[in-house]
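Peer 1: With the input below, show me the fold.
(2 chains)
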Amino acid sequence: MIDFFARLWAMIIKEALQLRRDRLTFAMMFIVPIVQLVLFGFAINADPKGLPTAVLVSEHSELSRSLVSAIGNTGYFTVTKEAATEAEADALLQRGDVQFVITIPADLTKKLIRGEAPQIAVEADATDPATTGPAMNAVTQAVNQTLARELKGPLASQRPKDAPVEIVLHKRYNPEGITRYNIVPGLLGVILTMTMVMMTALAVTRERERGTMENLLAMPVKPIEVMAGKIAPYVLIGAVQVTVIITAARILFGVPFVGSVGLFAVATLLFITINLAIGFAFSTLAQNQLQAMQMSIFFLLPSILLSGFAFPFRGMPGWAQAIGEAIPATHFLRIVRGLMLKGATAAQMSEELAVLALMLVIVVAVAISRYRVTLD
Amino acid sequence: MTTPAIDVKGLVKRYGTRTVVDHVDLRIMPGRVCGFLGPNGSGKTTTLRMICGLLTPDGGDGTCLGHDIISERDKVKAQAGYMTQRFGLYEDLTIRQNLEFVGRIYRLKNLREVVDRSLERLGLASRQNQLTGALSGGWKQRLALAACVLHEPKLLLLDEPTAGVDPKARRAFWDEIHALASQGITVLVSTHYMDEAERCHEIAYIAYGKLMARGTAQEIIQASGLSALVATGPGADRLAPDLRDAPGVTAAAAFGTKLHVCGPDREALWRAVAPFRDRGIQWEEAQPTLEDVFIHLMGQATDNMLEAA
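Peer 2: Numbers count the residues shown, from 1 in each chain, chains lettered A, B, ... in the order given. Presented below is the predicted three-dimensional model:
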């Protein structure tokens, strides 16, 4: 046992010294998270507002003006063009100059008076559904509210009727729907997956490529000692990365943290270790650093796409969710979102934590069984 | 009776259908320096790796320092030192850090003093904080050797330790090997250099995976049954191309202005050189060199291979 720790310590010192000398990698590990945080935090918005809109108003009345301004007031639309003809409006949409065309017909008031339910057309460039979705929902509400207010006197009978049931919408945990609140915890998972897997995968294959592995194998050092020694320094680096991201997220974006910090630390250490062990397992398969890099990227993609970071997890088909469930980042994301935004308790997170622990056991077992004490 | 430092029998290693090491027996007594020779790709490295537990043999067994080379790998590794053909220390660590790492892995007591002493002996004490990658080839080899013997092994396995090293550094390296041997360490060292082979107590020659000759340099030369002739005189050295393919000649090579010819049969050799006996060239019988023997053995091994194929 003493031998074990002594040799483990020897490995850790060596790795730490090598790491310290590798300035570029060292810098990358701190610059990458900050840059990503800033990019994702400032650039990504799943609820875009102020989209360019053209209006084609054929009836110039008080009502039509009210409607246009009400639609503008939703915040989703900014009237940038006023089209004179349908053809012109079409061309604007086609060229991509505007995202929406709102058409108010010439006989709006007349039809209202006759009770013929005139049509207000909202055409959207829906090539990217995510852009248009929230805006389209806002239109109906704005129009109904305007009509309720504007239709007076003889037209009062045309007001939209009260719904038989009032629906109370309550957006909890992130009431303003701020995308950053969701992105930052997710980013934590992605950045850790990216750096941790790649770092260990490279650290071991580098030994093989530089010919130092043969020398290492000729010495009485056991696989678990090599693995633990390679992983340990990076656990520390991962922990520092997480601290940096969380601190920056609080200062820059005011992302809340309502849950238990201790629980968060446990989950994060678990997740970091899993990723390091995966990297180690990759390195036992890869022949050189290039292959190790490719494997890491191959693993990173589903961690971004299927974990619930890039797209809503529940929106994926069953098979994709199944793959997602097998990815550590998926579970880590749920834990971190649960802890940071929802203040989840240990009991509530126990299932996700257990899945992560199980993953760690499996990955370590695979990595150890794949590591060769010989050159065979 | 003393236990041999290395005692392996029938070692076989195959890669796919290719047999790289073919039933090699090797027994080396403690304190001996044994040269391991053979052409490139003859299985020297593979054999060394099997002996020190880096490769699992496909056949055969044996002991190294009294420990089974397959089941007691860890014990072998703890008591033997293996110097890889390619520099195996970390170029991005300093000289001292490398030695300290090795020392820690072997759990050495008084690490500081051990490393200090080793640096002193190497003459690298003043450069101990330089990066290892900055050392020249010769220094790297000496450092690698120092790292190998840091834990005071009883057996050293050196894989072409002096390849690409200048003569002075080679001389220093071999002095070090002999100093170690005088302390009772057994050394098995692979090499391509004949002068190094002659500095060994004994030699093992392997070609195409088969052990072809074993013994001291003198024994191997005698056992080969080769004869050799040396020609001196004007233009003697230029006869090599004419004689190389003559019947009864295995090798003809110029050494300065002299020509050295050898073949398995003395009579046949004289017949072969008969056409070149006049022209003022003198022919004399000489002792075949180790190189003659090895070239001859290599030819034999190739013939065996062709027959087998």
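Peer 1: residues contacting residue B:82?
Peer 2: A:215, A:218, B:48, B:52, B:54, B:148, B:156-157, B:159 (C-beta atoms under 8 Å, 6 or more residues apart in numbering or on different chains). C-beta coordinates here come from the backbone N, C-alpha and C atoms, glycine included.
Peer 1: so what's the nearest residue in space to it that is not next to it in sequence scoring on pLDDT?
Peer 2: Spatial nearest neighbour of residue B:82, excluding adjacent residues (C-beta to C-beta, 6 or more residues apart in numbering or on different chains): residue A:218 at 4.1 Å. pLDDT for residue A:218: 91.
Peer 1: What subset of the contacts of residue B:82 is buried?
Peer 2: Using 16 or more other C-beta atoms under 10 Å in any protein chain shown as the burial test, the contacts of residue B:82 include A:215, A:218, B:48, B:52, B:54, B:148, B:156-157, B:159 as buried.
Peer 1: Go through the contacts of residue B:82 and flag which are in helices.
Peer 2: Among the contacts of residue B:82, the ones falling in helices (DSSP state H) are A:215, B:48, B:148.
Peer 1: which residues does residue A:314 contact?
Peer 2: residue A:321.
Peer 1: residue in chain A nearest to chain B?
Peer 2: residue A:215 (2.8 Å; C-beta to the nearest C-beta).
Peer 1: Now that that residue has come up, it's in contact with residue B:88, right?
Peer 2: Yes: using C-beta atoms under 8 Å, residue A:215 is in contact with residue B:88, at 2.8 Å.
Peer 1: who does the helix or strand of chain A with the lowest mean pLDDT touch, helix- and strand-wise?
Peer 2: Using mean pLDDT, DSSP states H and E, helix A:129-150 stands out as the lowest-scoring helix or strand of chain A, at a mean of 82. Judged by 3 or more C-beta pairs under 8 Å, 6 or more residues apart in numbering or on different chains; DSSP states H and E, the packing partners of helix A:129-150 are strand A:51-57, helix A:62-73, strand A:121-124.
Peer 1: what's the closest of the buried ones among the contacts of residue B:82 to residue A:301?
Peer 2: Distance ranking of the buried ones among the contacts of residue B:82 against residue A:301, using C-beta to C-beta, places residue A:215 first at 35.2 Å.
Peer 1: In the chain, where is pLDDT below threshold?
Peer 2: Picking chain A for this. Counting by pLDDT under 70, the ranges of chain A that qualify are A:154.
Peer 1: nope, chain B please
Peer 2: In chain B the weaker segments, taking pLDDT under 70 as the threshold, are B:1, B:303-309.
Peer 1: Mind doing that once more with 80?
Peer 2: Within chain B, the segments meeting pLDDT under 80 span B:1, B:277-280, B:301-309.
Peer 1: Name the residue of it that lies nearest to chain A.
Peer 2: Counting by C-beta to the nearest C-beta, chain B gets nearest chain A through residue B:88, at 2.8 Å.
Peer 1: mind listing what that residue touches?
Peer 2: By C-beta under 8 Å, 6+ apart, the residues touching residue B:88 are A:211-212, A:214-216, A:218, B:144.
Peer 1: Narrow the residues you listed to those that are buried.
Peer 2: A:212, A:214-216, A:218, B:144.
Peer 1: helix or strand for residue 3, which one?
Peer 2: You didn't say which chain, so I picked chain A. helix A:2-21 (DSSP states H and E).
Peer 1: was after chain B, sorry
Peer 2: Residue B:3 belongs to no helix or strand, assigned by DSSP H and E.
Peer 1: you'd agree it is up against residue B:66?
Peer 2: Yes: when contacts are counted by C-beta under 8 Å, residue B:3 is listed as touching residue B:66 (5.0 Å).
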